[in-house]
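> The following comprises the amino acid sequence and a computationally predicted model.
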Amino acid sequence: MDVSGSWPGDSGVGSLAFSYAEWTHASCVREYRLDRTDLPPEIQIQILWLEGLLGREFTDDSGRKVAVLDPGSWNRNAGPDFLGARIAFDGDVVRGDVELDATPEDWEEHRHGCNPAFDRVVLHVSCLPPAHGWFTRNSRHTRVPLAVIPERILVEAAALPASDVFVPPCGACSPLFQTMSTSQVERVMLAAAAYRMERKRKAWRILAGAVGEEQALFELLAETLGYHANKAAMKHLVRRAPLKEIRGNSEAFLFGTAGFLVPVLPESCSDEARLYHKKLWDCWWMNRERLELAPERAVRWVLSGIRPANHPQRRVAALAVLASRLDELHALCSMKCVRSLQEFLAGIRHPYWSFHTTLPSNRRTSPLSLIGKDRSLDFVINHVLPMDDTPEAWNLYLQIPAGQTSSRVEKAAMRLLGKRDDSGQWLRKAWMHQALLQLDADFCGKSPCEKCPLPSQVPEWL
């Protein structure tokens, strides 16, 4: 199959992505009527706020234009979610705190209205609209401006809602894809992959603009290392321990903020583990007051179902090594250095974590990779190439072989292409996996098979 990345009349990845966007929007996959059960965890919403993905301009409940000039610093202790924000109301700038809730009524449910710690809140932000007649007030019975995140923005930023609908192995659209020519399938897949890449480019620009390019790169590394189970937890960690606050002591500060350090290790731990832990603890304990998180704001790690080599402690160790060598890595984050970047990531070593899976674990005789081949490929495909908006980056994107097939990609391929004789060839390249993930997110993940618009929309679009 000769994949050029375009077809007659196409001018490149931008028009491919635009074509896909027009098609999916026209298909009206679903009309969203969010409720509380659709929302992601509170921590994820707060991270989206910091990244600017929930927007920076709103209208408050008094009809004023609200501009978020500075989202504030993320509170590590009890009290409002964000401290020292700068907010403009119809151009008048005020400084104060911001509280972000799922619903406006959570303000009273959590007793913020009678808590003086919330009297400096200048903006209450909600994911869902209030009941009729609602207004937010503080302990002095002063009205607090309320802004509601537009539903469209919330859905797009948080990729809502995740599907819990059972989909059969071969979906209702499988007969359609079975009758399509190779070039028609290629056209649909290319458009989906291009749209996905354009979304990632947009996300990179927003994130880099919000936190700076260096911190943005640090966060994308953390997200990649967290993989599926701990992606949100790793993003939470690097927001709580940003680069500017951990330089020079990244390992101790990351492990401490992650909650992996304790005053004394159990007696069963080896002398090697004790020495390593003591080195981290001696640095951490002097900074605990500044960086330690309150219990209710602690990073929530997923430990069940995790392979030993992927334990969060090893993921944090790899991130700490990269934080200390970020200048080297940053210089390699371009399409011209993809091979060197992958070699750099594969060569990451640590005297303790290359031979241990957790702090108290026994030492292995042979080393384990801190960053595997699939993780480095994931970083290149999802983050490095989307940073570059040149045609060369798109062409390289189309040539990279696929890594290990995830269960989600496998299921999407079975639903869409399972009845085709050439189904196997659509899993050979990394861009094909990205296309299947996008189609799954836009259709299979939002509608039950019998209501999916894909079978009726594809012929019209083609």
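Alright, I've got the coordinates.
> Point out where the stretch 101-250 of the chain drops to low pLDDT.
In the predicted model of the stretch 101-250 of the chain, residues 159-172 satisfy pLDDT under 70.
> What are the boundaries of the strands in it?
121-126, 136-137, 143-144, 146-148 (DSSP state E, counting those that start in this stretch).
> Out of those, which is the most enclosed?
Mean neighbour count, computed with mean count of other Cβ atoms under 10 Å, is highest for strand 121-126 among the strands of the stretch 101-250 of the chain, reaching a mean of 24. In this view, the C-beta of every residue, glycine as well, is placed from N, C-alpha and C.
> what's the spacing between the closest residue to Pro150 other than its chain neighbours and Gly347?
The spatial neighbour of Pro150 that comes closest, neighbours along the chain excluded (Cβ to Cβ, 6 or more residues apart in numbering), is Gly55 at 7.0 Å. According to Cβ to Cβ, to the nearest Å, Gly55 stands 41 Å off from Gly347.
> Show me which of those two is the more surrounded one.
Gly55 (17 against 10; other Cβ atoms under 10 Å).
> Could you tell me which residues make contact with the more buried one?
68, 149-150, 153 (Cβ atoms under 8 Å, 6 or more residues apart in numbering).
> for those residues, which one is nearest Leu243?
Val68 (22.3 Å; Cβ to Cβ).
> Look at that closest one and give its secondary structure.
Following DSSP: H, G, I helix; E, B strand; the rest coil, Val68 is assigned to strand.
> May I have the phi/psi pair for Pro308?
Here is the backbone geometry of Pro308 (degrees, to the nearest 10): phi -50, psi -40.
> Is the nearest residue to it once chain neighbours are set aside within a helix or a strand, and which one?
The spatially closest residue to Pro308, leaving aside those adjacent along the chain, is Thr357, at 4.1 Å (Cβ to Cβ, 6+ apart). Using DSSP states H and E, Thr357 falls within no helix or strand.
> quick one: the helices in the stretch 101-250 of the chain?
Assigned by DSSP state H, counting those that start in this stretch, the helices in the stretch 101-250 of the chain fall at 106-109, 151-158, 174-179, 182-211, 213-226, 231-240, 243-246, 250-258.
> do you know which of those lies nearest Arg137?
helix 106-109 (8.5 Å).
> Can you list the helices and strands that the closest one packs against?
Helices and strands touching helix 106-109, by 3 or more Cβ pairs under 8 Å, 6 or more residues apart in numbering; DSSP states H and E: there are none.
> export it as CSV, just CAs?
Extracted in CSV, the C-alpha atoms of helix 106-109 (Å, rounded to 0.1, in the frame of the first residue of the first chain):
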residue,chain,number,x,y,z
ASP,A,106,-20.9,21.6,45.9
TRP,A,107,-19.9,24.9,47.5
GLU,A,108,-22.4,24.5,50.2
GLU,A,109,-22.2,20.7,50.2
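> can you list contacts of that helix?
99, 101, 113, 124, 126, 136.
> and Tyr404, that's in a helix?
Just to correct that, residue 404 is Gln rather than Tyr. No. Read with three-state DSSP, Gln404 is coil and lies in no helix.
> So for it, what's the nearest residue that isn't a sequence neighbour?
Asp374 (5.1 Å).
> what do you get for Cys114?
In space, Cys114 is closest to Ser139, 5.3 Å off (Cβ to Cβ, 6+ apart).
> and the residue nearest to Asn287 when sequence neighbours are not counted, what does it touch?
Take Asn287 and drop its neighbours on the chain: the residue closest to it by Cβ to Cβ, 6+ apart is Phe253, 6.6 Å away. Listed by Cβ under 8 Å, 6+ apart, the contact set of Phe253 reads 241, 245-246, 283-284, 287, 291.
> now with 10 Å?
For Phe253, the contact set (Cβ atoms under 10 Å, 6 or more residues apart in numbering) comprises 240-241, 245-247, 280, 283-284, 287, 290-291, 320, 323.
> Which of the residues you listed has the largest number of neighbours?
In terms of neighbours by other Cβ under 10 Å, these top out with Ala241 at 27 neighbours.
> was I right about that one contacting Ala323?
Yes. At 9.3 Å, Ala241 counts as touching Ala323 under the criterion of Cβ atoms under 10 Å.
> tell me, what's touching these two both at once?
Between them, Ala241 and Ala323 share the contacting residues 218, 222, 250, 253-254, judged by Cβ under 10 Å, 6+ apart.
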